[in-house]
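Undergrad: Build me a model:
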Amino acid sequence: MKDLKTICSENITALIVFIFAIVFPMFQSAYKVDQFTGFYVTCLLSFSIILIWGYTGIFSFGQAAFYGIGAYTYAIISLCSDKNLTILAAIAGISIAGVFALILGYFMFYGGVNEIFTGIITLCISIVCETFIVQTSGPEWKILGVWIGGYNGLNNIPKIKVGDFTLTGVPLYFFVIAVVFLIYFGFRKLTHSNTGYALFGVRESKQRSELFGYKTAKIQTLAFGASGALAGLGGVLFSAWSGYVVPSTLSVDNSTVAVVMVALAGRKNVTGALIMTLVYSYFTHQLAASGNVFSNVILGVLLVLIVMFMPEGALVELFKKLDALFGSILSKKKKTA
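TA: Below you'll find the predicted structure:
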């Protein structure tokens, strides 16, 4: 946790975001609180990309597929009985998404698939999953007695219940931000752990890592499985929060937007990914509410500009400039003292 104790612009920004999240329900309407709950849920999809792409160097367009698997699994199990199965449904959603990613990762990394083709394979997985769900519109497409719904998806999905207590409204908001910030701090700790160093080593050079005795295929497979479980957790919370799930939840579009958000922020920086996801989600919602359909065009233009002028990511560059500015101010004060 060494970096968390350092006074720098990234840590100050993270603290501000954390305080904002805590006090937000105190001065906002129930509608806004519900809206921001969804924004924080989306952060989990971005975190899964940080883990697999930013930390391990594996480019994936399939994270939305794992997100959708988690969402559909939670929906189907929670709807299959009148009994409260939401906790079981949540565990199953995370587990099935993680296992699916683990199996896919095993065949890719132990099979020696070229890193360029992992993006293509995961892209195809998202397309196949979405297309399959769209085709399940007939009455014969049932799992555990629940009609999958095809293009229309599933509705009236129960909220997560703990005993007689239902997580909805403000309690759901605080539950989601607790999950998001626990994972966020987990990432910050991972950065300075032996596991983190192993991931970074694989990202920078597989050959060098193998020379030092690391089993790179195993590391990549486990990281891919963990990222799938993390995306599945996001899908579970999305399904429980929104009360519906549709085939587009698994779409390549969702994966692409999440990848772009992470790239804009800086793919190796979890604080940047958190902030960029919240900012993008908010402004996209505002543009959609105003009838503007060009949010993705704006995102694409921003990506091109940032790749050209700030290849490490906009927020990473901003943190560096702020640290340099604070450093110069402090050094001047020391000289004048």
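Undergrad: distance of the residue nearest the centre of the chain from residue 31?
TA: Central residue of the chain (CA atoms, centre = their mean): residue 45, 1.7 Å from the mean position. Distance from residue 45 to residue 31, counting by CB to CB, to the nearest Å: 23 Å. In short, each C-beta sits where N, CA and C put it, glycine included.
Undergrad: rewinding a little: would you quantify the distance from the residue nearest to the centre of the chain to residue 255?
TA: Taken as CB to CB, the span from residue 45 to residue 255 is 8 Å.
Undergrad: Common neighbours of the two, please.
TA: Here residue 45 and residue 255 have 63-64 as joint contacts, going by CB atoms under 8 Å, 6 or more residues apart in numbering.
Undergrad: which strands and helices sit next to the longest helix anywhere in the chain?
TA: Ranked by number of residues, the top helix in the chain under DSSP state H is helix 216-242. Applying 3 or more CB pairs under 8 Å, 6 or more residues apart in numbering; DSSP states H and E, one finds that helix 216-242 makes contact with helix 30-49, helix 63-79, helix 86-109, helix 169-191, helix 194-204, helix 206-211.
Undergrad: centre of the chain versus the next helix or strand along the chain from that helix, how much separation?
TA: As assigned by DSSP states H and E, the chain's next helix or strand after helix 216-242 is helix 252-265. Taking CA atoms, centre = their mean, to the nearest Å, one finds helix 252-265 lying 10 Å from the centre of the chain it belongs to.
Undergrad: Please tell me how far residue 102 sits from residue 110.
TA: 11 Å.
Undergrad: For the two, indicate the residue with more neighbours.
TA: residue 102 (16 against 12; other CB atoms under 10 Å).
Undergrad: pLDDT wise, what is that one at?
TA: Looking at residue 102, its pLDDT is 96.
Undergrad: Residue 223 contacts residue 51, correct?
TA: Yes: contact between residue 223 and residue 51 holds when scored by CB atoms under 8 Å: they sit 6.3 Å apart.
Undergrad: hang on, the earlier thing: tell me the residues that contact both of residue 102 and residue 110, please.
TA: With CB under 8 Å, 6+ apart as the test, residue 102 and residue 110 both reach residue 221.
Undergrad: Residues touching the helix or strand bottoming out on mean pLDDT in the chain, excluding its own?
TA: Taking mean pLDDT, DSSP states H and E as the measure, the chain has helix 295-309 as its least confident helix or strand, at a mean of 72. Residues outside helix 295-309 that contact it (CB under 8 Å, 6+ apart) are 257, 260-261, 263-264, 280, 283-284, 287-288, 313-314.
Undergrad: which ones are touching the residue nearest to the centre of the chain?
TA: With CB under 8 Å, 6+ apart, residue 45 has these contacts: 63-64, 67, 231, 234, 254, 258, 277.
Undergrad: Kindly report the same for residue 32.
TA: By CB under 8 Å, 6+ apart, the contact set of residue 32 is residue 24.
Undergrad: and the closest residue to residue 60 other than its chain neighbours, how many neighbours?
TA: Closest residue to residue 60 apart from its sequence neighbours, by CB to CB, 6 or more residues apart in numbering: residue 122 at 4.5 Å. Using other CB under 10 Å, residue 122 has 27 other residues around it.
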